[in-house]
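1. all I have is the shape, not the residue letters:
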């Protein structure tokens, strides 16, 4: 069986707040830097979602808004791909457009 590994290394300050997030995937020796990471894990035995949400102290609020927008868009794509729920994926993308407009990430349609 072939395996792949993702590794996250989080450096914390004296108050245990993330200062630096590095990640690496198997097959490469390079470390990439990130300001935020959101990981969702489906616990098969508990039938529940576990979450890890981390962001560094230097991540700006505007960057976090964009990060959320991109994450929501990718979730719509994953929903369609994994379940075939095209209509719900479209609804989620419509919400993403509303979300972006409300947060001033895009210009309002006239």
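-> That came in fine, so what should we check first? The model shown is predicted, which means the values in this text are computed figures rather than measured ones.

2. which residue packs closest to residue 3, ignoring adjacent ones?
-> Nearest non-adjacent residue to residue 3, counting by CB to CB, 6 or more residues apart in numbering: residue 26, 7.5 Å away. The C-beta positions use only the backbone N, C-alpha and C, and glycine is treated the same way.

3. for residue 38, give its distance to residue 55.
-> 9 Å (CB to CB, to the nearest Å).

4. which one of those two has more residues nearby?
-> residue 55 (17 against 12; other CB atoms under 10 Å).

5. where along the protein do the strands fall?
-> Ranges of strands within the chain are 6-12, 18-25, 32-34, 36-43, 48-55, based on DSSP state E.

6. separation between the nearest residue to residue 92 once chain neighbours are set aside and residue 85?
-> Closest residue to residue 92 apart from its sequence neighbours, by CB to CB, 6+ apart: residue 76 at 3.9 Å. Distance of residue 76 to residue 85, given as CB to CB: 10 Å.

7. quick one, domains of the protein?
-> For the chain, the domain assignment from automatic domain parsing gives the residue ranges 1-57, 60-104.

8. make a markdown table out of the ones you listed and add mean pLDDT.
-> Formatted as a markdown table, the domains of the chain follow (pLDDT from 0 to 100):
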| stretch | mean pLDDT |
| --- | --- |
| domain 1-57 | 94 |
| domain 60-104 | 97 |
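
9. any idea which of these is most buried?
-> domain 60-104 (a mean of 14; mean count of other CB atoms under 10 Å).
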